[in-house]
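K.L.:
Starting from these lines, generate the structure:
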Amino acid sequence: MSAPLESDVYGAPTRSVAIHHVRAALRGAERHGLDITALLEQAAVLPELLEEPLARVSPRQFARLTKAVWQALDDELQGLGPHPLKVGTFAMMCHAVVHCSPDLRTAINRSSTFYGLFPGGPRFQLDEGAGELGQQAALVFDLTAFDDPDHYLAESATVVAHRFAGWLIRRRITLTRVEFSHPAPPHALEYDLLYGAPCTFRAPRTALIFDRALLELPVLQDELGLRAFLRRAPSDVLARLDYGSTAAAQVRRLLGQSLPDRMPDPEDIAARLAVSAQTLRRRLAAEGTSFQRIRDQLRRDVAIAALATGTVSIEDISRRLGFSEPSAFHRAFKRWTGSAPRSYQPGG
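P.N.:
Prediction:
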């Protein structure tokens, strides 16, 4: 196996995607009577995994599934909006924004105007008077027209807007907080990793809150960068990066950076965070997790990504993730996902 593949498979800290999101992504297709099995096959996801509560898929598989649903419905809203939004709409918005926007404020306002031209498009606008001193801006979303019981589009729209805005100015946009009008979902703990900011639920609105001064920053992307960005879509805009600021997120990042070398122990990680091992355990416990749980989740996600490529043997994955023998990895993987490792291999 080549070195680049090892780096991509074993070193990437990107989280796997819960089967909940796979089912949510397919809901619109089901409503329109599409063959769900065929869509899953295009993403190399076994249909049986839909019935397994603990199942997960790799980010690459999820991006493929999203693209398959887009193409099958010719709808970038995946059948969840009041009207379809034809495939290519997002790309045209990108072209309109990149070539005509001197700064982030202009880019956001033009993208809002662009989508306002379509009856089924998402609605969002800037509120520049947020915060006690008016130093915060809010990107406020109106998603009331969508039939979205899983709140899938609320998550997708806010994540895509955040990633796209950061891509335009070539820097990560640090969010002050994120507000959602929907109740806290069962997977609410993953929101810190999505946004890296406090999230509130049952709020009067759905909005991303950030420093107003960022709106003055220039758009730095050009035609060449846009072509590469769109070529990788939807992978880049849907990537669920570990932006979290919690102790758990910091531990996960450090563990992920250590792969494919030796998996550090709690004392190693605590030293790198400049705290004692006891302090680290206490902080993780306060967040409802532990070092062992984080390590297992990382091993699970890396294993899923490696298995989904179909190019890495179970024996190699077992060895690289620090298991004494493949049978131990088999037992752990089934405990994590409810299925055997071969269920996650193409043709498995």
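
K.L.:
switch to C-alpha atoms for all contacts and neighbour counts from now on
P.N.:
Fine.

K.L.:
any low-confidence regions in the stretch 151-300 of the chain?
P.N.:
237-245, 260-261 (pLDDT under 70).

K.L.:
Tell me which stretches of it form helices.
P.N.:
For the stretch 151-300 of the chain, applying DSSP state H, counting those that start in this stretch gives helices covering 152-169, 191-195, 223-232, 235-238, 247-258, 266-272, 277-286, 291-309.

K.L.:
Can I get those in CSV including distance to residue 338 and mean neighbour count?
P.N.:
CSV is the format used below for the helices of the stretch 151-300 of the chain (distance: least, Cα to Cα, whole Å; neighbours: other Cα atoms under 10 Å):
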stretch, distance to residue 338, mean neighbour count
helix 152-169, 24, 19
helix 191-195, 24, 21
helix 223-232, 31, 13
helix 235-238, 25, 19
helix 247-258, 22, 20
helix 266-272, 27, 16
helix 277-286, 25, 16
helix 291-309, 12, 21
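
K.L.:
all strands of the protein, in order?
P.N.:
17-18, 56-57, 123-130, 136-142, 175-179, 199-200, 206-211 (DSSP state E).

K.L.:
could those strands be laid out in a markdown table, adding distance to residue 313?
P.N.:
Formatted as a markdown table, these follow (distance: least, Cα to Cα, whole Å):
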| stretch | distance to residue 313 |
| --- | --- |
| strand 17-18 | 22 |
| strand 56-57 | 18 |
| strand 123-130 | 46 |
| strand 136-142 | 45 |
| strand 175-179 | 40 |
| strand 199-200 | 40 |
| strand 206-211 | 42 |
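
K.L.:
For residue 328, which of these is the nearest?
P.N.:
Taking Cα to Cα, strand 56-57 is the member of the strands of the chain nearest to residue 328, at 19.9 Å.

K.L.:
thinking again about what came up before, for the strands of the chain, which one sits closest to residue 96?
P.N.:
Closest among the strands of the chain, once you apply Cα to Cα, is strand 123-130, at 16.7 Å.

K.L.:
So residue 49 is in contact with residue 19, correct?
P.N.:
Yes. Between residue 49 and residue 19 there is a contact under Cα atoms under 8 Å: 7.4 Å.

K.L.:
hey, what's in contact with both of these two?
P.N.:
55, 56 (Cα atoms under 8 Å, 6 or more residues apart in numbering).

K.L.:
Let me know which of the strands of the chain is tucked in deepest.
P.N.:
strand 56-57 (a mean of 26; mean count of other Cα atoms under 10 Å).

K.L.:
Report all helices and strands that that strand contacts.
P.N.:
strand 17-18, helix 291-309 (3 or more Cα pairs under 8 Å, 6 or more residues apart in numbering; DSSP states H and E).

K.L.:
For stretch 115-125, which outside residues touch it?
P.N.:
Under the criterion Cα under 8 Å, 6+ apart, residues 81-85, 93, 108-109, 112, 139-143 lie in contact with stretch 115-125.

K.L.:
swap the cut-off to 6 Å and go again
P.N.:
Defining contact as Cα atoms under 6 Å, 6 or more residues apart in numbering, one finds that stretch 115-125 is touched by 81, 82, 83, 112, 139, 140, 141, 142.

K.L.:
could I have it exported to CSV, CA atoms only?
P.N.:
Output of stretch 115-125 as CSV, limited to C-alpha atoms (Å, rounded to 0.1, in the frame of the first residue of the first chain):
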residue,chain,number,x,y,z
TYR,A,115,-31.3,32.1,-4.3
GLY,A,116,-34.2,34.5,-3.9
LEU,A,117,-34.8,34.2,-7.6
PHE,A,118,-35.9,30.6,-7.2
PRO,A,119,-39.2,29.7,-5.6
GLY,A,120,-37.7,26.7,-3.9
GLY,A,121,-34.4,28.2,-2.9
PRO,A,122,-33.2,28.6,0.7
ARG,A,123,-33.9,32.0,2.3
PHE,A,124,-31.2,33.7,4.3
GLN,A,125,-30.0,37.2,5.1
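
K.L.:
Could you number the chain from 400 rather than 1 from now on?
P.N.:
Okay, using 400 as the starting number, the last item reads as stretch 514-524.

K.L.:
pLDDT of it, averaged?
P.N.:
What stretch 514-524 shows for mean pLDDT is 92.

K.L.:
Residue 424 is nearest to which of the helices and strands packed on strand 455-456?
P.N.:
Between the helices and strands packed on strand 455-456, strand 416-417 lies closest to residue 424; by Cα to Cα that is 11.3 Å.

K.L.:
centre of the chain versus the closest one, how much separation?
P.N.:
9 Å (Cα atoms, centre = their mean, to the nearest Å).

K.L.:
and if you look at stretch 727-740?
P.N.:
Distance, centroid of stretch 727-740 to centroid of chain: 23 Å (Cα atoms, centre = their mean).

K.L.:
rewinding a little: okay, the helices and strands packed on strand 455-456 in a markdown table with distance to residue 725 next?
P.N.:
Below are the helices and strands packed on strand 455-456 laid out as a markdown table (distance: least, Cα to Cα, whole Å):
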| stretch | distance to residue 725 |
| --- | --- |
| strand 416-417 | 24 |
| helix 690-708 | 12 |
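
K.L.:
For residue 566, which of the ones you listed is the nearest?
P.N.:
Comparing these by Cα to Cα, strand 416-417 comes nearest, at 22.4 Å.

K.L.:
thinking again about what came up before, tell me which two in the contacts of stretch 514-524 are the farthest apart.
P.N.:
Once Cα to Cα is applied, these give 482 and 538 as the farthest pair, at 22.9 Å.
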